[in-house]
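Undergrad: one predicted model, sequence on top.
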Amino acid sequence: MKIDLGNWQVAGNATCDCIPLAIEARGIVKRFDGFTAVDGIDITVPEGSIYGILGPNGAGKTTTLRMLLGIIDPDEGLRRVLGAERPHDVAHAIGYLPEERGLYPAMKAYEAIGFVGALRGLPLAEGCQRGRDLLDEHGLGFAADRQIRQLSKGMAQQVQLLGTLVHEPRLVVFDEPFSGLDAINQGRLERMIRALAEKGTTVIFSTHVIAHAERLCDEVAIIAGGKVPFAGPVDVARDRIRPQVRLETRENDGLWRKALPDDVRHEGNFWFFSLPESGVEPLLRALIEGEAGILSLSIERAGLHDAFVAIAGEAAAQALEDDKLEERK
Amino acid sequence: MTSGRLSTLAAAMVIARRDFGAILFSRSFFFFLLGPLFPVIIGAMAGGVGQHVQQSTERPELGIAMQGEQVDAMLAAHQTMSGQLGNVLPKLVVIERLEPNQSFDAKAELAARKGNIAAVFSGTLSRPVMTGTVGQIEQWRGPMSMLAARALSDSPKSYPEVALVSTAASTAASERRGQLLTAQAAQTLLFLLTMLLAGMVLSNLVEEKANKIIEILAAAIPMDAVFFGKLFAMLAISLVGIAVWGLTFGGVLLAAGSIGFGLTAPAVGWPIFVALGIVYFAMAYLLLGSVFLSIGSMATTVREVQTISMPVTMMQLMVFFLASYAMTQPGSPVEMVAVAFPFSSPFAMMARAAQDGTLWTHAAALAWQGLCVVIFVRTGARLSRTRVMKSGPAHDKGTKRSLFSRLRPA
């Protein structure tokens, strides 16, 4: 394994503005049989934040998470999780919900939660008791003594989610947590993630659904083709592209059109374009003097989707859409 | 939050406890307990059928074609000597009492395939001729010569009874032979048990992969701990099985008053031999189980498991043969190889315990086998982590190409 110490922050738990980091990864690379799944990505996740890894299927999200959790080791680069270079050393402080959900079918629901807790260092008896309590709290107390195979898919998913949290981890990692959930359970999960963050737990999750990341995340890493073209606060990502102007005019032609920027898109009476660097005033002046007949004008800050398209490219954005469609099918 | 990280041993115990409980209360364990009954039942059935077939088969007979008085003399001699020679003498059937100077074609008589006659005794008592297949006439040559001699002359008229005195203690030769048999029995038992269990651990891991639990385990604890936990659980299960079988068969044998199967006492004595048997069984199982676990972790389907485990099973069979062969040549280079090669070592050392009373060699062998178990488990866990836990392109999963690419060194 090649180890590059060049960019490593020795402080580890502090960025330049002294925010403690739950995760810090520098230049991590993973290859499988000559295929580079993850190609030198950098990620820093502040403690207590909700962090999203956003990208289409096959972009390298799961491989990245697996490296951060110590399930596999990177071929190059360095990672530090909760201050430890070996993630298994802090496994007791981490909760993980993999994309492919799995539980022992013959186990009872409370036992399954207790078992996952025991894997993270919680005494089995205590884990089982907490399992019963958690099931009660989440309205599943009636299913505590049922075998996993007797539960519905949604209930089994909830049991696994509770198992992820039973040992009260400092860092929770979800791989595609919204995948396979209906709208009601997606909403519940979003509320649970916010509640965890409010208690100071760091939550990191991967998703190919921009809306979840946009609603929940403080920071995101946009990943495409195994690379991270952007990692940072969601607002910074949105600011990567200029605000979008939507103009409605009565007239379709006139001298005023020369004031519109080159990237303008015309649909009926509507004009769409990025706000020019000179601002809105010169544009308004030209429209009024040219008698364009302004019917409406709105200036909107770019959404994460637009930011994603601008950062990762049209192909990656299309792949995201395809993944969503595929999931709906 | 919990207080601290689990040690590898503690993590392995979490896995072992879960697996042990799950298997112990499963239907498969019930069938596992019944497993040894099947060979016993089949053996008993085969034995019964064989005995029935043997009983149904008539003993080959020897036809006599001689002059009348000579036939009578032969029959009288047969009656007299059958008390001493028993089944060594063939059953005699008179084909024809010949007149003086009457000729007889024995070959034609046999070609006619009458009755159950395997050969024909003709000629005269002083110059008898036996006609038949080479194997048959060679077998009867000696007894029939004696019978003809007895028919020809009355002396001796009686045969003294030979008193039989058996020695209480075995001779050096019989003891060595007996210990060899003990070694062979122990090796065979060890081999059968090991093969039965290693297959179970393999299917256990494949099932776990199918249930998608392996990733949760791998994220929480080192894969070494997962592997060790699974091996320990299955070992504990096997010890429960052995205890059940041991008590059952021991009880049956005790009731029948034939404990020990009539085997010669091993060189190290029965108590140490039994203890070593359990320890070597554990080692043989852990060694083979660690290889099977590595296979199970690399395979994505049951078919893949079957594809790769077949050569390993064949290899284990060869290893068993090596240990069996080495057993007959203690101290030879072949035996040293069998002792040093990890997979054959438990079998070879078991045979050594039967034939050689030295104990320190067992301590050394167990240390070596233990080290090999650790190395194999760690290698298997590493293979599993580096080659299996990947989420590459979908087309790369589960194909033969990917399977063999996983087998390439990391």
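TA: Looks like it came in fine. Note that this is a predicted model, so its numbers are computed, not measured. Residues are numbered from 1 along each chain as shown, chains lettered A, B, ... in the order given.
Undergrad: find the nearest non-adjacent residue to A:I222, please.
TA: Here the nearest residue to A:I222 in space, its sequence neighbours aside, is A:F230; by C-beta to C-beta, 6 or more residues apart in numbering or on different chains that works out to 4.5 Å. No exception for glycine: its C-beta is placed from N, CA and C like everyone else's.
Undergrad: then A:C217?
TA: Counting by C-beta to C-beta, 6+ apart, A:C217 lies nearest to A:G52, which is 3.9 Å off, once chain neighbours are set aside.
Undergrad: report all helices and strands that the helix or strand that neighbour falls within contacts.
TA: Using DSSP states H and E, A:G52 maps to strand A:50-54. Judged by 3 or more C-beta pairs under 8 Å, 6 or more residues apart in numbering or on different chains; DSSP states H and E, the packing partners of strand A:50-54 are helix A:61-69, helix A:183-198, strand A:202-207, helix A:210-216, strand A:219-224.
Undergrad: ok, back up a step: I'd say the residue nearest to A:I222 and A:A224 touch.
TA: No - taking C-beta atoms under 8 Å as the contact criterion, A:F230 and A:A224 are not neighbours in contact, 9.7 Å apart.
Undergrad: then stretch A:268-279 to CSV, C-alphas only?
TA: Extracted as CSV, the C-alpha positions of stretch A:268-279 are listed here (Å, rounded to 0.1, in the frame of the first residue of the first chain):
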residue,chain,number,x,y,z
GLY,A,268,-42.7,30.9,-25.4
ASN,A,269,-42.7,34.2,-23.6
PHE,A,270,-40.2,32.9,-21.0
TRP,A,271,-36.4,33.5,-21.0
PHE,A,272,-34.1,31.5,-18.7
PHE,A,273,-30.5,32.5,-18.1
SER,A,274,-27.9,32.8,-15.4
LEU,A,275,-27.8,36.1,-13.6
PRO,A,276,-25.0,38.2,-15.3
GLU,A,277,-22.0,39.2,-13.2
SER,A,278,-23.0,42.9,-13.6
GLY,A,279,-26.1,42.2,-11.6
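Undergrad: in it, what counts as buried?
TA: Under the neighbour-count criterion of 16 or more other C-beta atoms under 10 Å in any protein chain shown, stretch A:268-279 has A:271, A:273-276 buried.
Undergrad: again, but for stretch B:268-277
TA: Going by neighbour count (16+ other C-beta under 10 Å), the buried part of stretch B:268-277 is B:268, B:273, B:276-277.
Undergrad: return the residues of the stretch 201-350 of chain B in contact with chain A.
TA: Taking C-beta under 8 Å from any C-beta of the partner chain as the measure of proximity, the stretch 201-350 of chain B contacts chain A at B:211-222.
Undergrad: and those residues, which is closest to chain A?
TA: Chain A lies nearest to B:K212 out of those, by C-beta to the nearest C-beta, at 2.9 Å.
Undergrad: nearest spatial neighbour of that closest one, skipping sequence neighbours?
TA: Setting aside the residues directly before and after it, B:K212 is nearest to A:G102 in space (C-beta to C-beta, 6+ apart), at 2.9 Å.
Undergrad: which residues touch the one you found?
TA: With contact set as C-beta atoms under 8 Å, 6 or more residues apart in numbering or on different chains, A:G102 has these partners: A:160, B:211-216.
Undergrad: try 6 Å
TA: For A:G102, the set of contacting residues under the criterion of C-beta atoms under 6 Å, 6 or more residues apart in numbering or on different chains consists of B:211-213.
Undergrad: isn't A:H208 right next to A:E321, touching?
TA: No - shown here, A:H208 and A:E321 do not form a contact pair, counting by C-beta atoms under 6 Å, at 9.3 Å.
Undergrad: so the residue in chain A that chain B sits nearest to, which of the three states?
TA: Among the residues of chain A, A:G102 lies nearest to chain B; the distance is 2.9 Å by C-beta to the nearest C-beta. Three-state secondary structure (criterion: DSSP: H, G, I helix; E, B strand; the rest coil) places A:G102 in coil.
Undergrad: same thing with B:G331?
TA: coil.
Undergrad: and it, backbone torsions?
TA: Backbone torsions for B:G331, taken as degrees, to the nearest 10, come to phi 90, psi -10.
Undergrad: go ahead and confirm A:V29 touches A:D73.
TA: No - in this structure, A:V29 sits apart from A:D73 without contact. The criterion is C-beta under 6 Å, and the distance is 10.9 Å.
Undergrad: looking at those two, which is more packed in?
TA: Set side by side, A:V29 and A:D73 show unequal neighbour counts under other C-beta atoms under 10 Å in any protein chain shown, the larger going to A:V29 at 19 against 16.
Undergrad: how close does that one get to A:F230?
TA: The span separating A:V29 from A:F230 equals 19 Å under the rule C-beta to C-beta, to the nearest Å.
Undergrad: how many neighbouring residues does A:V264 have?
TA: By other C-beta under 10 Å, 13 other residues sit near A:V264.
Undergrad: how about it: what's its closest non-neighbour residue?
TA: Spatial nearest neighbour of A:V264, chain neighbours left out: A:F273 (4.1 Å); criterion: C-beta to C-beta, 6+ apart.
Undergrad: where's the one you found, which helix or strand?
TA: Applying DSSP H and E as the criterion places A:F273 in strand A:270-274.
Undergrad: wait, a strand at the residue nearest to A:I222?
TA: Yes - with the criterion set as three-state DSSP, the secondary structure at A:F230 is a strand.
Undergrad: per-residue pLDDT, it?
TA: Per-residue confidence at A:F230 stands at 90 (pLDDT).
Undergrad: same thing with A:K108?
TA: Listed pLDDT for A:K108 reads 95.
Undergrad: burial of it, as a residue count?
TA: Residue crowding around A:K108 was assessed by other C-beta under 10 Å; the count is 21.
Undergrad: now do the helices in chain A.
TA: With DSSP state H as the definition, chain A shows helices at residue ranges A:61-69, A:109-119, A:124-137, A:153-165, A:183-198, A:210-216, A:234-238, A:281-289, A:304-312, A:314-328.
Undergrad: OK, contacts around the residue nearest to A:I222?
TA: Residues counted as contacts of A:F230 (C-beta under 6 Å, 6+ apart) are A:222, A:237, A:311.
Undergrad: and the helix or strand where B:E207 lies, what does it pack onto?
TA: Here B:E207 is covered by helix B:172-210, with elements defined by DSSP H and E. For helix B:172-210, the elements it packs on are helix B:223-256, helix B:270-298, helix B:302-327, helix B:345-355, judged by 3 or more C-beta pairs under 6 Å, 6 or more residues apart in numbering or on different chains; DSSP states H and E.
Undergrad: tell me the buried residues in stretch A:289-296?
TA: Of the residues in stretch A:289-296, those scored as buried under the neighbour-count criterion (16+ other C-beta under 10 Å) are A:290, A:292.
Undergrad: over to stretch B:206-215?
TA: The neighbour-count check on stretch B:206-215 (16+ other C-beta under 10 Å) flags B:206, B:208-209, B:211, B:213-215 as buried.
Undergrad: redo the residues you listed as TSV? Include pLDDT.
TA: Conversion of these to TSV gives the following (pLDDT from 0 to 100):
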residue	pLDDT
B:V206	70
B:E208	71
B:K209	70
B:N211	70
B:I213	86
B:I214	84
B:E215	87
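Undergrad: and of those, the nearest to A:L283?
TA: The shortest distance between A:L283 and any of these, using C-beta to C-beta, involves B:E215 and amounts to 54.0 Å.
Undergrad: now do the contacts for that closest one.
TA: Under the criterion of C-beta under 6 Å, 6+ apart, the neighbours of B:E215 are A:P98.
Undergrad: now it: how far from B:S26?
TA: For B:E215, the distance to B:S26 - C-beta to C-beta - is 23 Å.
Undergrad: repeat for B:Q79
TA: In this view, B:Q79 and B:S26 are 66 Å apart by C-beta to C-beta.
Undergrad: who's more crowded, these two?
TA: Using other C-beta under 10 Å as the criterion, B:Q79 and B:S26 rank with B:S26 on top: 13 against 10.
Undergrad: distance-wise, check the more buried one relative to chain A.
TA: Distance from B:S26 to chain A, counting by C-beta to the nearest C-beta, to the nearest Å: 8 Å.
Undergrad: name the element B:I23 belongs to?
TA: Taking DSSP H and E as the definition, B:I23 sits inside helix B:8-24.
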